[in-house]
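[1] could you work out the structure for the sequence below:
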Amino acid sequence: MSEELEKLSVLELRKLAKEMGVKLGAGINKQGIIEKLAEARGDNREEEPQQPMHRPIRSAAIITDDEAEDDDIPILTPNAPMNRPLAPRPASPAATGGASSLSGISAKAPAFTMEGSRAWNNPRPYQNSQPGYQRTQNTWSSARPAAAPQRAWNAAPQKQAAPASYTPRFGPEQAAPEPQPPAAPVNDYRPAHYGAPQQDYQAADAQSYQAYPQQQPAARPAHYQAAPAPGPTLSELLTAGDVGDGEGVLEMHPDGYGILRSTVTGKKDIYIANAQIRRFALRTGDYVVGKTRPQRESDRYVAMLYITDVNGHAAEEVKARPAFDSFTAIYPKKRINLSGRSQDEALRLIDLLSPMGFGQRALITCKTHALAAEMLKKLAAAVSRNYPKALVKVLLVNESPEDVTETRDALKADVIATTFDQSPEDQQRAFDLLTERVQRLVEDGRDVVLLLDSLTQMARICNQLIPSSARTLQNGLAAGAMLRPKRLFGSARNTREAGSLTVIAFAVNETALDGAALEEIKGTPNMEILLTGEGGLGFDPLSVRTKKSELLMTEQEKHVSDSIREMLSASSPDEALAQLRSMLEKTENNDDLVQKFDSWMGM
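    Below is the predicted model of the structure:
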């Protein structure tokens, strides 16, 4: 037999085992399957009789009260065939005229007992070989008891009367059994005979009923501390005079709340809740003024109680303002007269050859930082003096504290500075906050002039914050290092619907990294000046160029500007520059020079 099984494949062996009813494990091999099949066929050992496991075996023995021998007692099992005929079934009480159900049975009537025991009780007969959880609803629905009627809570318990057709099991001489309480209602998913009997509810008498005593609260422990009382209301704070004044530039956080900052890392920061920001549609860079409540011990910031105005307007009026990016950018049309009544030759020559307008994007390139600092002070002072309504702001990047103090003392402008001892993260946050602030001012219709020293230093700070794994363009400059400098420099524009933003950025070309940064913004400015520090003027007159300069000049001024450029390019630079400086010295301002220029050139 084993040789025949060896010739079969594993698939065929498994199929044969399934037909024979042999159970195989998941990881059994071919030899194990052969041994299982051999044991099932009886090749190695004799087949032992097995009883079916899917049906329970129940047997009962009929016993009598007489001294019968055990051999005469038949053993009945549900699965075994009967070898002898059973006794005739007694007639029902109805057929015998209402007689007792045990009248036709012998006095020595047999009783049923479980196999191997003698007990005078009749266990529940074997009703169905199928398990209860596999039966259908109709199989035992008739055995489900009806729902018991509802009874009042104070009603006296009622005894259940025995049915009229009740007959004692062991004859009429037996006493009537004690009435059992009704069976508890059983869920639909299980037969009625599985339910345990439930004792009836013994209701108390209505007169003896007493209300449940009210439980007293437990005593508080010794270490218990009461919750703090709610803070004072707004009217109470105003009456007591405990509110303070708070103002600052709003800096939004990703979580939704905001902080009013007077400086980049100031100690007088004020917290603004998310609800106030959503109510008035506040943005980063808004200058918010309001009332603050007293700072508590657990508070990190002083909280804003209510807002009075935003950017100089009522808080309710700034909800419908347009965004900065929605404005139409146009070339400058309003001229900035740098010289005025000043006798500074450099400023007069810039106005004469290449004038500047509100909304200009100017780039001034120099080789040393000293030239940039000197020219910055001249330009900032000229704009503040000639245009007091314009907002002049100066951004100093990575400067020394001494230079910052000197610049603030020399200029009547808003100086925002980051020193070299600050972290790159703090300096970059100052760049972002200033960019948003000047955009909010343009949305308000103001003319803003921003002087930046310097654009290359700003690129260096941003380059330090780029991860080392980022792509490098050239000379160590990362690909994303110029995003913030470009955003600030590109915000300069003249808008058709609102105000204007003028950015005059200085770029110090000292290292290879500075040169790479200048290459990234090449072609973006609409005005360029090259500072050389030679010839007494400090810059090359031929390097001053402005796009669309005819929009800022009259025809006569345009004629004089072109004539001076031809004169400087035709002769040697030293001779032409000496002649031009003599013209500037002989006139008080540029208007006087324009009127006398043609007569001087005809001589």
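[2] buried stuff in stretch 11-21?
    Within stretch 11-21, the residues that count as buried by 16 or more other CB atoms under 10 Å are L13, R14, A17. Using the backbone N, CA and C atoms, a C-beta is placed for each residue, glycine as well.
[3] for those, which one is nearest Q295?
    Q295 has its nearest neighbour among these in R14, at 80.7 Å by CB to CB.
[4] how much space is there between that closest one and E39?
    16 Å (CB to CB, to the nearest Å).
[5] and V318, by the same measure?
    92 Å.
[6] who has more neighbours, these two?
    V318 (21 against 13; other CB atoms under 10 Å).
[7] excluding its backbone neighbours, what's nearest the more buried one?
    The shortest distance from V318 to any non-neighbouring residue, by CB to CB, 6 or more residues apart in numbering, is to V310 (4.7 Å).
[8] again with D453
    Nearest to D453 is F506, by CB to CB, 6+ apart, at 4.8 Å.
[9] cool, and D421?
    P401 (8.0 Å).
[10] what segments of the stretch 501-603 of the chain are strands?
    527-530, 545-546 (DSSP state E, counting those that start in this stretch).
[11] in CSV, list those along with distance to I461, mean pLDDT and mean neighbour count.
    Shown next, in CSV, are these (distance: least, CB to CB, whole Å; pLDDT from 0 to 100; neighbours: other CB atoms under 10 Å):
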stretch, distance to I461, mean pLDDT, mean neighbour count
strand 527-530, 24, 90, 21
strand 545-546, 29, 88, 20
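[12] who wins for proximity to P424 among those?
    strand 527-530 (28.7 Å).
[13] that closest one pairs with which strands?
    Taking DSSP bridges as the criterion, strand 527-530 pairs within the sheet with strand 361-366 (parallel), strand 545-546 (antiparallel).
[14] go through those strands and name the closest to A517.
    Nearest of the strands paired with strand 527-530 (CB to CB): strand 361-366, 11.2 Å.
[15] what does the helix or strand following that closest one contact?
    Later in the chain than strand 361-366, the nearest helix or strand by DSSP states H and E is helix 369-386. Residues outside helix 369-386 that contact it (CB atoms under 8 Å, 6 or more residues apart in numbering) are 336-340, 342, 344, 346-347, 364, 366, 390, 392, 394, 403, 407, 410-413, 449, 451, 453-454, 504, 506, 508, 510, 531, 533, 538.
[16] which parts of whichever helix or strand comes after helix 369-386 are buried?
    The element immediately downstream of helix 369-386 (helix or strand, assigned by DSSP H and E) is strand 391-399. Neighbour counts using 16+ other CB under 10 Å place L391, V392, K393, V394, L395, L396, V397, N398, E399 of strand 391-399 among the buried residues.
[17] now the last one, which residues is it bridged with?
    According to DSSP bridges, the partner residues bridging E399 are T419.
[18] for it, what are its contacts?
    E399 neighbours (CB under 8 Å, 6+ apart): A417, T418, T419, F420, D453.
[19] T407 is in contact with the first one, correct?
    Spelled out, it's A417. Yes. With contact defined as CB atoms under 8 Å, A417 and T407 form a contacting pair (7.5 Å).
[20] ok, these two, which is more surrounded?
    Neighbours were counted for A417 and for T407 using other CB under 10 Å; A417 has more, 23 against 20.
[21] how near is that one to K377?
    In terms of CB to CB, A417 sits 14 Å off from K377.
[22] joint contacts of those two?
    With CB under 8 Å, 6+ apart as the test, A417 and K377 both reach T407.
[23] tell me which residues of the top helix by length along the chain are tucked away?
    Longest among the helix segments of the chain by residue count, using DSSP state H, is helix 424-443. The neighbour-count check on helix 424-443 (16+ other CB under 10 Å) flags 427-431, 433-443 as buried.
[24] which residues does the closest residue to I416 other than its chain neighbours bridge with?
    Distances taken as CB to CB, 6+ apart put L395 closest to I416, at 5.2 Å, once the chain neighbours are dropped. Going by DSSP bridges, L395 is paired in beta bridges with I416, L452.
[25] isn't L395 right next to L452, touching?
    Yes. Applying CB under 8 Å as the test, L395 and L452 come out as touching, 4.9 Å apart.
[26] where does the prediction get shaky in this protein?
    Confidence mapping of the chain against pLDDT under 70 gives the ranges 1, 43-242, 263-267, 534-537, 573, 602-603.
[27] domain ranges for it?
    235-321, 329-553 (automatic domain parsing).
[28] can you redo these as TSV with distance to N29?
    As requested, these are exported to TSV (distance: least, CB to CB, whole Å):
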stretch	distance to N29
domain 235-321	62
domain 329-553	53
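[29] of all those, which one is nearest G27?
    domain 329-553 (48.3 Å).
[30] straight-line length of that closest one, end to end?
    20 Å (CA to CA, to the nearest Å).
[31] can you check stretch 281-293 too?
    Stretch 281-293: ends 22 Å apart by CA to CA.
[32] buried set for that stretch?
    L282, R283, T284, G285, D286, Y287, V288, V289, G290, K291, T292, R293.
[33] can you check stretch 503-522 too?
    503-509, 513-514, 516-518, 520-521.
[34] next: stretch 572-580.
    A576, L577, L580.
[35] check contacts around the last one.
    Contacts for L580 (CB under 8 Å, 6+ apart) come out as L349, P541, I564, M567, L568.
[36] if we use 10 Å, what do you get?
    E345, L349, L352, L353, G535, L537, P541, I564, M567, L568, L593 (CB atoms under 10 Å, 6 or more residues apart in numbering).
[37] what's the neighbour count on the first one?
    Residues contacting E345 under the criterion other CB under 10 Å number 16.
[38] how close does it get to S599?
    Where S599 is concerned, E345 sits at a distance of 21 Å (CB to CB).
[39] swap in K547?
    Taking CB to CB, one finds K547 at 31 Å from S599.
[40] more neighbours, the two?
    K547 (15 against 8).
[41] got the contact list for the more buried one?
    Y331, P332, S354, Q360, R361, P525, N526, M527, E528.
[42] could you redo the strands of the stretch 501-603 of the chain as TSV and give each row distance to L8?
    Output for the strands of the stretch 501-603 of the chain, formatted as TSV (distance: least, CB to CB, whole Å):
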stretch	distance to L8
strand 527-530	93
strand 545-546	97
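[43] now the helices for the stretch 451-600 of the chain?
    Residue ranges of the helices in the stretch 451-600 of the chain, as given by DSSP state H, counting those that start in this stretch, are 455-464, 483-490, 512-520, 555-570, 573-586, 590-602.
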